[in-house]
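Novice: only geometry, no sequence info:
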C-alpha cells in the first residue's frame, strides 16, 4: 500500500497546559484536500523539533 502523502498547512495547535497529556496537533492536507492531523505527545514533539533543527547531530 502506498503511503498517504500530506503537506503541512502551516497550522499547529499547541497543547493546553491545564489538560494533562494534551497533545500538539500538526494540521496537514492530503493531495485530494482531505484534512489530516498528526498528533504528537511531548516526547515526540521534542524529537521532531530536534530533527528539524539539527538533522545530523553527530556532525
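Specialist: Yes, it's here. Computed from a prediction, not measured in an experiment: that's the story for all the values here.

Novice: gap between residue 11 and residue 26?
Specialist: Per Cβ to Cβ, to the nearest Å, residue 11 is found 8 Å from residue 26. For every residue, glycine as well, the C-beta is placed using N, CA and C.

Novice: Specify which residue of the two has the higher count of neighbours.
Specialist: residue 26 (19 against 12; other Cβ atoms under 10 Å).

Novice: Spatially, and excluding backbone neighbours, which residue is closest to that one.
Specialist: Distances taken as Cβ to Cβ, 6 or more residues apart in numbering place residue 38 nearest to residue 26, at 4.1 Å, with adjacent residues excluded.

Novice: Let me know how buried the one you found is, in neighbour terms.
Specialist: 15.

Novice: Kindly report the same for residue 27.
Specialist: Residue 27 has 15 nearby residues by other Cβ under 10 Å.

Novice: same deal with the one 4 residues further on?
Specialist: Residue 31 is surrounded by 9 other residues when neighbours are defined as other Cβ under 10 Å.

Novice: Contact partners for it?
Specialist: Residues counted as contacts of residue 31 (Cβ atoms under 8 Å, 6 or more residues apart in numbering) are 5, 6, 7.

Novice: which element is residue 43 on?
Specialist: Following DSSP states H and E, one finds residue 43 within helix 42-53.

Novice: what's that helix in contact with?
Specialist: With Cβ under 8 Å, 6+ apart as the criterion, helix 42-53 contacts 15, 24, 40, 57.

Novice: How about the last one, nearest residue that isn't a chain neighbour?
Specialist: Put plainly, it is residue 57. residue 50 (7.4 Å).

Novice: roughly how far apart are the one you found and residue 14?
Specialist: Counting by Cβ to Cβ - residue 50 and residue 14 are separated by 18 Å.

Novice: Residue 30: which of the contacts of residue 31 is nearest?
Specialist: Using Cβ to Cβ, residue 6 comes nearest to residue 30 of these, at 5.2 Å.

Novice: if I pick the closest one, what's in contact with it?
Specialist: So, once contact is read as Cβ under 8 Å, 6+ apart, residue 6 ends up touching 28, 29, 30, 31, 36.

Novice: Most neighbours among those, please name it.
Specialist: Result: residue 28 is most packed of the contacts of residue 6 (other Cβ under 10 Å), 18 neighbours.
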